[in-house]
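**Q** What follows is a protein structure lacking sequence information:
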């Protein structure tokens, strides 16, 4: 199980909630292990997880995605389906375990729609008058109105922030997956740089990067790879720009492995770097490295922001400014905490954060170092193995 259940239960007790309801793709997966494909690929499809304080949890899913269940390691076993989908069974065949599970799932009744299925589960668990923490990010306004109409005696409070707070501290299993996701992504950077040569395009380098991810069972998510002055484009999308000697290569990249995200940045130069590139890169690198000296449980997130920014300024970019210098990461690419001057929270043990110090200057370059970092009992542990230094090719 990946869910931080003790943290969730403590939050539910603090907020006096009888149950929580996950509705967005990330929270449905986090709370149950169920990857509801339709939620991840387009807006609108509804899948929920009802997690009562004192009753067994359940998943609400469309009949058309029940075939995903046998191939997933779900820790929520009760599944309620809705919607019509025709599934036939060869009565003369001996079904394997996966097919038998699908047959059994389709044998049960199907509610008319997602809200009807959710309301039936709530009523059967004796929670019609309950107080619910509802993740408001995935449920459509129409479904929300229907839910409130069908359960007039229930109380619904917004709980997306509660889910984020729970997710911000990782379990040991989550950390292991994040570590693996980081290793795969580092390997993809190495694979991309292995094809670096004069004339290769940004797009061709991205293909090498993505191929390594896919070969290692990860899915591409972010592939910002820019050469030369194009590296200063914040969200640079690889083009047919060809690599030239002396070009800076900026990676701001990540993938998804077992539903968990990676996010990291590195830089390289084909040949010798411009002196300003080398100087500025060293400054942003030192900002990230300084974070390892500061991070530990109890440290204010805003204090880390100040220290990282001041380090970059002191080490070579006196005009360096940022809205944030990192963020948490997990099943979502931007879990709490947001490492910004305005953030009031403190670091907790087993948070995993991306520490980054990007600098963008049009006409010059974009320079960035980003590490995935775990908060330990008394400090910080890098999930990275790639050197932070500017790589000379």
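**A** Thanks, I have the structure now. Values in this document were obtained by computation on a predicted structure and should not be read as measured data.

**Q** Helices of this structure, residue ranges please.
**A** 5-14, 25-32, 37-41, 97-107, 114-124, 141-150, 160-167, 172-194, 202-215, 275-294, 301-315 (DSSP state H).

**Q** As TSV, those with distance to residue 339, mean neighbour count and mean pLDDT would be great.
**A** Every C-beta, even on glycine, is put in place using the N, C-alpha and C of the backbone. TSV is the format used below for the helices of the chain (distance: least, CB to CB, whole Å; neighbours: other CB atoms under 10 Å; pLDDT from 0 to 100):
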stretch	distance to residue 339	mean neighbour count	mean pLDDT
helix 5-14	20	15	96
helix 25-32	20	26	97
helix 37-41	27	16	92
helix 97-107	43	14	92
helix 114-124	36	21	97
helix 141-150	32	14	97
helix 160-167	15	20	97
helix 172-194	17	20	98
helix 202-215	26	19	98
helix 275-294	9	20	98
helix 301-315	5	19	98
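
**Q** Make CSV out of those and add distance to residue 262.
**A** CSV is the format used below for these (distance: least, CB to CB, whole Å):
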stretch, distance to residue 262
helix 5-14, 23
helix 25-32, 15
helix 37-41, 17
helix 97-107, 29
helix 114-124, 32
helix 141-150, 33
helix 160-167, 16
helix 172-194, 4
helix 202-215, 9
helix 275-294, 16
helix 301-315, 21
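
**Q** Any idea which of those gets closest to residue 86?
**A** Among these, helix 97-107 comes nearest to residue 86, with 9.2 Å by CB to CB.

**Q** From the contact counts, what lies against that closest one?
**A** strand 78-82 (3 or more CB pairs under 8 Å, 6 or more residues apart in numbering; DSSP states H and E).

**Q** ok, residue 316 touching residue 277?
**A** No: in this structure residue 316 lies outside contact range of residue 277 using CB atoms under 8 Å: 11.2 Å.

**Q** For residue 244, see how far away the closest residue to residue 179 other than its chain neighbours is.
**A** Taking CB to CB, 6 or more residues apart in numbering, and ignoring the residues beside it in sequence, residue 179 has residue 383 as its nearest neighbour in space, at 5.0 Å. Using CB to CB, to the nearest Å, we find residue 383 at a distance of 33 Å from residue 244.

**Q** Compare the two and say which one has the larger neighbour count.
**A** residue 383 (21 against 12; other CB atoms under 10 Å).

**Q** Give the phi and psi angles for the more buried one, as a check.
**A** phi -90, psi 10 (degrees, to the nearest 10).

**Q** quick one: it and residue 373 touch, right?
**A** Yes: using CB under 8 Å, residue 383 is in contact with residue 373, at 6.7 Å.

**Q** which residues do those two both contact?
**A** In terms of CB atoms under 8 Å, 6 or more residues apart in numbering, residue 383 and residue 373 are both contacted by the residues residue 352.

**Q** Once you drop chain neighbours, what's closest to the most centrally placed residue in the chain?
**A** Of all residues in the chain, the one closest to the mean position by CA atoms, centre = their mean is residue 332, 2.1 Å from it. Excluding the flanking residues, the one nearest residue 332 by CB to CB, 6+ apart is residue 26, at 4.7 Å.

**Q** need the contact list for the one you found.
**A** By CB under 8 Å, 6+ apart, the neighbours of residue 26 are 167, 331-332.

**Q** Ok, residue 31 next?
**A** When contacts are counted by CB under 8 Å, 6+ apart, residue 31 touches 3, 20, 22, 49, 51, 57, 76, 163.

**Q** Against residue 168, how distant is it?
**A** Taken as CB to CB, the span from residue 31 to residue 168 is 15 Å.

**Q** go on, residue 360?
**A** On the measure of CB to CB, residue 360 and residue 168 end up 28 Å apart.

**Q** So the two - more neighbours on which side?
**A** Under the neighbour definition other CB under 10 Å, residue 360 and residue 168 were set side by side, and residue 168 has more, 21 against 15.

**Q** separation between the closest residue to that one other than its chain neighbours and residue 2?
**A** Leaving aside its chain neighbours, residue 168 sits nearest to residue 336 (4.3 Å; criterion: CB to CB, 6+ apart). Here residue 336 is placed at a distance of 17 Å from residue 2 (CB to CB).

**Q** between the contacts of residue 31, which is nearest residue 82?
**A** Using CB to CB, the contacts of residue 31 come closest to residue 82 at residue 49, 14.0 Å.

**Q** So what's the residue count around residue 241?
**A** Residues near residue 241, counting by other CB under 10 Å: 16.

**Q** quick revisit: pick out the most distant pair among the contacts of residue 31.
**A** Checking the contacts of residue 31 with CB to CB, the most distant pair is 76 and 163, at 15.2 Å.

**Q** As a markdown table, the contacts of residue 31 with distance to residue 298 would be great.
**A** Below are these laid out as a markdown table (distance: CB to CB, whole Å):
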| residue | distance to residue 298 |
| --- | --- |
| 3 | 25 |
| 20 | 27 |
| 22 | 30 |
| 49 | 32 |
| 51 | 29 |
| 57 | 33 |
| 76 | 34 |
| 163 | 24 |
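
**Q** how far does stretch 134-147 stretch from start to finish?
**A** Using CA to CA, to the nearest Å, the end-to-end distance of stretch 134-147 comes to 11 Å.

**Q** Repeat that for stretch 225-242.
**A** With CA to CA, one end of stretch 225-242 sits 12 Å from the other.

**Q** Show residues contacting it.
**A** 192, 198-203, 205-206, 209, 223-224, 243-244, 247-253, 267, 358, 360-367.

**Q** While we're on residue 1, how confident is the model there?
**A** Looking at residue 1, its pLDDT stands at 79.

**Q** What sits closest to it if chain neighbours are left out?
**A** residue 75 (4.5 Å).

**Q** Need phi/psi at that neighbour.
**A** Dihedral angles (degrees, to the nearest 10) for residue 75: phi -100, psi -10.
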